[in-house]
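>>> Could you work out the structure for the sequence below:
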Amino acid sequence: MPLNLVAPIETECIQPMRYEFADCILDVDRHVLLRGGETVPVEPQVFDLLELLVESPGKLVAREEIIERVWHGRFVSESTISARIAAARKAVGDDGKTQRIIRTIVRRGLQMAAEVSRDSEPAQQSEHRTQQLKYARGHDGQAIAFAVSGEGPPVLRVGSIVYDLEAEWRLASERTYVSAMDAKFTMLRYNKSHQSHWGDPCRANYEGVAEDILAVTQAAGFDRFAIVSEFGGIFSALQFATKYPERVSRLAIVGGWAEGRDHREGVAGPDSIRNLIIEGWKNPGSGYAVGSLLSYFPEGPLETVREIVGEMQALYSVEQKLYQRDSGNTASVLHLLPQVQCPTLVLHGRNSAVHPLSEARKLAAGIPDASLVILETANHIPLPGNDVYDTYIETLQGFLSAANE
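Modelled structure (predicted):
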């Protein structure tokens with residue numbers, strides 16, 4: 001039987017806000033910047049800087065306060081700070097010469113020079129700034145946390161960067177993604193971290209996770225729904241889609257692979273990502289640990305990658321990370337592809353080095369009624385701040401929305 005416990009996770013901001021200045025709107029609730037009515041893609045740190053400035057228009061925001069808010073007190077170089085300020089100015093249509101919106105107070109800090117009006121959004125939308133967890137009973141008897149947010153057709157997310165709901169919510173890049181999807185769909189996300197028992201990676205229990213998905217979706221009241229699968233979530237999603245085809249309306253595969261590294265022709269030598277994990281995972285923020293994730297996201301943004309690594313190092317031991325890497329290397333889903341019965345979209349970065357485009361082509365060729373969209377990026381999956389991020393989100397939303405046309 002599903003568990004009905006609710007565990008709210010507190011956030012700093014409960015009442016969502018919109019700030020209007022010049023021809024811009026900074027929508028804190030949805031983590032969106034609009035200029036002239038058009039969405040302007042910004043990196044999470046740039047958004048945090050803008051939010052800090054609009055909270056105190058006309059007042060000096062000291063350099064120390066900026067570092068504390070945007071970089072959480074960590075040491076950063078002057079060039080990094082200057083780059084974020086320049087990016088913030090560019091995003092709002094300003095520049096360092098005119099400084100009509102963001103003014104530099106020499107050797108002291110910054111000032112929001114434009115007039116700012118603040119508008120609280122309806123109280124019922126505050127759920128976007130908090131996260132409430134409910135629980136279902138998994139196939140092995142363990143409780144599985146899940147969260148439901150947004151309005152619209154039902155969509156289940158299988159797989160993510162950190163595989164943990166609380167860690168996801170702490171990451172600005174993940175909140176940006178969830179907010180964008182919430183605007184169109186009722187999103188169901190669940191904890192995946194408990195499902196691996198860190199045994200033999202060649203025998204990962206993807207059959208068990210299909211039953212976990214069934215339990216979570218039933219507890220959430222999802223009957224027939226679309227699935228977005230990311231990274232290794234493809235293995236769970238395919239198991240579920242082929243075992244319960246009547247429940248899956250559409251399937252999106254983002255950054256997936258048909259065969260792991262151990263099955264691919266022409267792959268020789270040691271696994272460099274595995275070696276980076278061994279060398280540096282125990283040391284918080286180490287260059288080796290960051291390097292292991294930069295292999296997936298060479299275009300960054302770097303600060304976003306660092307934040308993700310920090311959450312992952314807190315969640316997973318070296319042994320657990322190696323298990324994840326090894327299970328992905330040894331996995332193959334070629335036998336499942338012909339059994340998929342729903343329309344499928346495969347999204348993949350053209351220059352991804354971790355799982356090459358050829359793996360995405362195998363998926364699209366092996367699944368009946370599948371399409372492949374190639375994203376012009378070296379990132380395995382686009383992150384907020386990448387040039388193709390908006391294209392990625394719009395393509396994904398368009399495909400998932402078509403399930404209800």
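>>> Setting aside sequence neighbours, what's the nearest residue to the most centrally placed residue in the chain?
Nearest residue to the geometric centre of the chain (CA atoms, centre = their mean): residue 174, 3.8 Å. Using CB to CB, 6 or more residues apart in numbering and skipping residues adjacent in sequence, the residue nearest residue 174 is residue 168, 4.3 Å away. The C-beta positions use only the backbone N, C-alpha and C, and glycine is treated the same way.
>>> which residues in the stretch 251-400 of the chain form strands?
Ranges of strands in the stretch 251-400 of the chain, per DSSP state E, counting those that start in this stretch, are 344-349, 370-375.
>>> Now do the last one: distance to the chain's middle.
Its chain's C-alpha centre lies 19 Å from the corresponding centre of strand 370-375 when counted by CA atoms, centre = their mean, to the nearest Å.
>>> what does stretch 167-174 give?
7 Å.
>>> which secondary element of this protein has the worst mean pLDDT?
Least confident helix or strand, the chain: strand 3-9 with a mean of 43, by mean pLDDT, DSSP states H and E.
>>> elements contacting whichever helix or strand comes after it?
Where DSSP states H and E defines the elements, the next helix or strand beyond strand 3-9 is strand 17-21. If you count contacts as 3 or more CB pairs under 8 Å, 6 or more residues apart in numbering; DSSP states H and E, strand 17-21 packs onto strand 24-27, helix 44-55, strand 116-120.
>>> Now do strand 17-21 and helix 44-55, the angle between them.
Put simply, strand 17-21 runs at 80 degrees to helix 44-55, going by axes from the mean of the first three to the mean of the last three CA atoms, to 10 degrees.
>>> hmm, who's touching strand 17-21?
Applying CB atoms under 8 Å, 6 or more residues apart in numbering, the external contacts of strand 17-21 come out as 25-29, 51, 54-55, 57, 92, 101, 112, 114-121.
>>> if we go to 10 Å?
25-30, 32-34, 50-51, 53-55, 57, 92, 101, 112-121, 129 (CB atoms under 10 Å, 6 or more residues apart in numbering).
>>> mind listing what the residue lying closest to residue 341 once chain neighbours are set aside touches?
Nearest residue to residue 341, sequence neighbours excluded (CB to CB, 6+ apart): residue 245, at 4.3 Å. Listed by CB under 10 Å, 6+ apart, the contact set of residue 245 reads 339-342.
>>> same question, residue 44
31, 70, 171-176, 301, 303-304, 307, 383-385.
>>> Please determine how far it is located from residue 389.
Per CB to CB, to the nearest Å, residue 44 is found 12 Å from residue 389.
>>> hmm, back to that, quick one: which of the helices and strands packed on strand 17-21 is nearest residue 192?
Counting by CB to CB, residue 192 lies closest to helix 44-55 out of the helices and strands packed on strand 17-21; the figure is 23.0 Å.
>>> how much does the closest one deviate in direction from strand 116-120?
Helix 44-55 runs at 100 degrees relative to strand 116-120, counting by the same axes, to 10 degrees.
>>> Return the closest of the contacts of residue 44 with respect to residue 209.
residue 174 (20.6 Å).
>>> Next, work out how far apart the closest one and residue 298 are.
Counting by CB to CB - residue 174 and residue 298 are separated by 20 Å.
>>> again with residue 144
If you go by CB to CB, the gap between residue 144 and residue 298 works out to 33 Å.
>>> So between these two, which is more surrounded?
Neighbour count, other CB atoms under 10 Å: between residue 144 and residue 298, residue 144 has more, with 25 against 18.
>>> Out of the contacts of residue 245, which end up buried?
Buried subset of the contacts of residue 245 (neighbour count, 16 or more other CB atoms under 10 Å): 340, 342.
>>> about what we covered before: contact partners for the residue nearest to the centre of the chain?
44, 160-162, 165, 167-168, 189, 304, 307-308, 311, 383-384.
>>> which intervals of the stretch 1-150 of the chain have sub-threshold pLDDT?
The model of the stretch 1-150 of the chain has pLDDT under 70 over residues 1-16, 120-130.
>>> Go again with 80.
Low-confidence segments of the stretch 1-150 of the chain (pLDDT under 80): 1-17, 29-30, 119-131, 140.
>>> burial count for the nearest residue to residue 333 once chain neighbours are set aside?
Spatial nearest neighbour of residue 333, chain neighbours left out: residue 238 (5.3 Å); criterion: CB to CB, 6+ apart. By other CB under 10 Å, the residues close to residue 238 number 28.
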